[in-house]
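Undergrad: Below are the sequence and a predicted model for it; my questions follow.
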Amino acid sequence: MISDRETRGMTVSRNAHRLVRIDRSSPRSVGHPVRTVVVGGGIAGVTAALLLAERGVEVTLVERDERLGGRLAAWPKRLADGSTQMVGHGFHAFFRQYYNWRNILRRIDPGLAFLRPAKHYPVVSRAWPDEDFGGLPGRPPWSLLALMARSPSLRMREMRGVDGPTSLALLRYSQARTYQEYDAMPAAEFLDRLAMPERARALLFDVFAHSFFNHAAEMSAAEMIMQFHFYFLRNAEGLDFDAPDDDYETAIWAPLSDRLRKLGVDIRTGAAVDRIEPGWTVPLTGGAQLRADHVVLATDPAAARGIVAASPVPPRLAADMATIRTTAPYAVSRIWTDRDVAPDRAVFSSVAREPLLDSVSLFHRLERGPAQWSRRTGGAVLELHAYAADAGIDAATATRDMWSQLTALWPETGGLRTIETDHRIGYDAPAFDVGSNATRPGVVTGAEGLYLAGDWVRMPFPCALMERSAASAALAVNAILDRHGVRPVQVYSVPPRGLLAGRRPR
């Protein structure tokens, strides 16, 4: 069990908004046997397993793949030169308002020394000069005002045509009101009504919406407003982010696995779950059956939907889960080249207004393994990412098209020779469709002892991506601890209401 001594230095930012009132007279750990099965070994599942085990709960963590990580997983690839390189599902930015996820990472490094700041965060386009989101003040609204002051895309004379009432919806975010008014509206329609200049829309919103793997024409405007609130308008940490200095397996999952095992967690990889039986029994595809008092279903949305559909659960939960779907496929291409790109290129760049390419990452300037390969060969390790590709796209075509688009943005890449590629198409990102919030299930399901966690679960406060996974898992843990009279874990957020939302919840 984690001790008070071990938690010293594991404090979150002073800007974090505490969401849980903790009665310290309650016991910190369970005093009787409690068994929980956590299905899914990504951020949500590992977070739930870790927090429960720290409170004395007996945990079995089940993951269908051979390794933990989910969309943050990394695995080895053997190159033609005989070296081994780690690859994954794509670059992830660890924003500083990811309070709950970063608090989990502090279990393996209290100072988070393995996270390196991305000092520059440019948005590049062949139509306009690069614009950098890095180095802005932290406190809103000064961060947005500073961006407007230095960005040629956001000059006041060009912003006069922006629709005032529509823009106020961004500053008046409150969960009940925003989703009531805007969940039935496509994000693209909201942006049309906003009437921002084309360049400003591309910089602030088109790149932004794609980063969540959803097409603006299909995405809920309320969800986009919430995410804009979370990342820009109420985030006191600034727009800077960090990234691990080594691959995700080495930097995150191996040390977290060690910590879980020391806490007594039974980790079972390569073990798939097709259904669950009330009571609870979790059958594994190999024939084993796990008995539990509680189950946390923390898989990707498609897997969770399939498990619930095959299980005897309350009709309301079954109906709501049937509406959960994955969004557009994403494409990831890791490319090893014979020479480097220009020395002034940022480690991570967003891309605006290209048909497919959404970001470029330079892993040889970020992670230890690619950096060593680059020093030995003189080459570069680039990763091209398309967040919301067209249905039916194949990996080889995506690699070819994204590389072609990159050469138009960075001319020097046209002279590079490709030595090796690793590419894939992913189909496991959650959709936030128009009107989907009304039927999106939350953490507590209505089936006693069954809880949901993941970046697709409806949440009572603003959060997204990795942070939504970790925060939903923390809520599931607290629901279990509450059943046993145990003190909850603290949950954190940015301020849950907009700058102009007023104090009374609406």
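TA: Done, it's in. On a predicted model such as this, the values are computed, not experimentally measured, just so you know.
Undergrad: Does anything pack onto the helix or strand hosting residue 307? Which helices or strands?
TA: Of the helices and strands defined by DSSP states H and E, residue 307 is found in helix 301-309. In terms of contact count using 3 or more Cβ pairs under 8 Å, 6 or more residues apart in numbering; DSSP states H and E, helix 301-309 is assigned the packing partners strand 294-297, helix 315-322. Where C-beta positions appear, they are placed from N, C-alpha and C, glycine not excepted.
Undergrad: Touching, residue 453 and residue 45? I think so.
TA: Yes: when contacts are counted by Cβ atoms under 8 Å, residue 453 is listed as touching residue 45 (7.1 Å).
Undergrad: Overlap of the contact sets of those two?
TA: The contact sets of residue 453 and residue 45 overlap at 296, 298, 473 (Cβ atoms under 8 Å, 6 or more residues apart in numbering).
Undergrad: State which helix of this protein is the longest.
TA: The residue-count maximum for a helix in the chain (DSSP state H) belongs to helix 465-483.
Undergrad: going on from that one, what's the next piece of helix or strand?
TA: Per DSSP H and E, helix 465-483 leads on to strand 492-493 as the next helix or strand towards the C-terminus.
Undergrad: What lies in contact with that following strand?
TA: The set of residues external to strand 492-493 that reach it, using Cβ under 8 Å, 6+ apart, is 12, 16, 17, 18, 19, 99, 100, 103, 461, 462, 463, 471.
Undergrad: and what of stretch 337-344?
TA: Outside of stretch 337-344, the residues that reach it under the criterion Cβ under 8 Å, 6+ apart are 362, 364, 374, 377-382, 410, 412-413, 415-419.
Undergrad: From residue 485, how far off is residue 304?
TA: As for residue 304, its distance to residue 485 is 29 Å (criterion: Cβ to Cβ, to the nearest Å).
Undergrad: Actually, residue 453.
TA: Separation of residue 453 from residue 485 (Cβ to Cβ) stands at 22 Å.
Undergrad: between the two, which one's more packed in?
TA: Ranked by neighbour count (other Cβ atoms under 10 Å), residue 453 and residue 485 place residue 453 first, with 31 against 10.
Undergrad: Now do the contacts for that one.
TA: For residue 453, the set of contacting residues under the criterion of Cβ under 8 Å, 6+ apart consists of 40, 44-45, 47-48, 296-298, 443, 469, 472-473, 475-476.
Undergrad: now with 10 Å?
TA: Each residue near residue 453 by Cβ atoms under 10 Å, 6 or more residues apart in numbering is listed here: 38-40, 42-45, 47-48, 296-299, 304, 443, 468-477.
Undergrad: Quick check, pLDDT for it.
TA: Per-residue pLDDT puts residue 453 at 98.
Undergrad: where do the strands sit along the stretch 251-400 of the chain?
TA: Using DSSP state E, counting those that start in this stretch, the strands found in the stretch 251-400 of the chain span residues 266-269, 281-283, 289-291, 294-297, 330-337, 348-351, 359-362, 380-386.
Undergrad: Now render these as TSV, adding mean neighbour count, mean pLDDT and distance to residue 115.
TA: Supplementary listing: the strands of the stretch 251-400 of the chain in TSV, determined by neighbours: other Cβ atoms under 10 Å; pLDDT from 0 to 100; distance: least, Cβ to Cβ, whole Å:
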stretch	mean neighbour count	mean pLDDT	distance to residue 115
strand 266-269	16	98	24
strand 281-283	18	97	34
strand 289-291	14	97	35
strand 294-297	29	98	27
strand 330-337	24	98	21
strand 348-351	24	94	13
strand 359-362	24	97	15
strand 380-386	26	98	18
